[in-house]
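*Asks:* 3D, please:
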Amino acid sequence: MDAVIRVHWQDDLQESESWRVSLADCLRGVVRCNSSESAVATLDTAITLKKLERRAIGRIFAGEPIASRIISSRARPGSDSGVESLARQRLQDRGLAVEQQVAVPGVGRVDMLVEGRLFIEIDGFEFHSSPRAFAQDRRRDAAFVLGGLQRLRFAATDVLHEWSRVERTVLEVLGPTRSAFIKQEFV
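*Replies:* As a prediction, the model looks like this:
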């Protein structure tokens, strides 16, 4: 395995204080030095945690290279986790309309609504492993069925490690036009 070496340099920062930077400097560094997906997930998390207002992103990245400004413009509120952000970005990159944290009567808040008709929930083990969470997920499953709603549930590890399968499943459920598109691409 080839190692990747990245040199980070900031002229005006003493080595003994490299840990002490502002949130804005930290976010600029993340966007400069990470994949665009990871950078956007980090910005989404900062917005969700109310550490950053979306309207401040333009100001923070105003003096940055165009690539950083483009990446930072993709940040959105609504992802309750980095994994949700990755899924949103990947689905939108496929040209799909994605709404996040949609309120569904009888069900509650749902992670995503894709193309206005397919609900998607992404479950991390940490928040869905207790007996109470397990029972709540089953009640939600029943409410979806009773409401005649289409819904898929994926594990966070599926989004992270089995994305092509997740994507194929979503496109198959969305219908023949979408599934034909994905089959052509994966052949």
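*Asks:* where does the chain have its least confident helix or strand?
*Replies:* Counting by mean pLDDT, DSSP states H and E, the chain has its least confident helix or strand at helix 176-186, which shows a mean of 53.
*Asks:* Quick one: mean pLDDT for stretch 158-172?
*Replies:* In this model, stretch 158-172 has an average pLDDT of 97.
*Asks:* Can you name the residues in contact with the helix or strand hosting Gln136?
*Replies:* Using DSSP states H and E, Gln136 falls within helix 131-146. With CB atoms under 8 Å, 6 or more residues apart in numbering as the test, helix 131-146 has contacts from 104, 106-108, 119, 121, 123, 127-128, 151, 153. The way it works is simple: take the backbone N, C-alpha and C, and place the C-beta from them, glycine included.
*Asks:* Which among these count as buried?
*Replies:* Buried members of the contacts of helix 131-146, counted by 16 or more other CB atoms under 10 Å: 104, 107, 119, 121, 123, 128, 151, 153.
*Asks:* Would you format these as JSON lines with pLDDT and distance to Glu53 included?
*Replies:* Converted to JSON lines, the buried ones among the contacts of helix 131-146 look like this (pLDDT from 0 to 100; distance: CB to CB, whole Å):
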{"residue": "Val104", "pLDDT": "93", "distance to Glu53": "27"}
{"residue": "Val107", "pLDDT": "91", "distance to Glu53": "29"}
{"residue": "Phe119", "pLDDT": "97", "distance to Glu53": "28"}
{"residue": "Glu121", "pLDDT": "95", "distance to Glu53": "27"}
{"residue": "Asp123", "pLDDT": "89", "distance to Glu53": "29"}
{"residue": "His128", "pLDDT": "54", "distance to Glu53": "30"}
{"residue": "Arg151", "pLDDT": "94", "distance to Glu53": "32"}
{"residue": "Arg153", "pLDDT": "94", "distance to Glu53": "32"}
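*Asks:* what two of these are the furthest from one another?
*Replies:* Farthest-apart pair in these is Val104 and His128; separation 17.7 Å (CB to CB).
*Asks:* where do the helices sit along this structure?
*Replies:* All helices of the chain, identified by DSSP state H, fall at 23-33, 36-48, 57-60, 66-72, 82-93, 125-128, 131-146, 156-161, 163-174, 176-186.
*Asks:* Met112 is nearest to which of those?
*Replies:* For these, proximity to Met112 was assessed by CB to CB; helix 82-93 is nearest, at 6.6 Å.
*Asks:* Show the average pLDDT along that closest one.
*Replies:* Taken as a whole, helix 82-93 has an average pLDDT of 97.
*Asks:* That one - contacts with which helices or strands?
*Replies:* On a contact count with 3 or more CB pairs under 8 Å, 6 or more residues apart in numbering; DSSP states H and E, helix 82-93 meets helix 36-48, strand 98-104, strand 108-114, strand 118-123, helix 156-161, helix 163-174.
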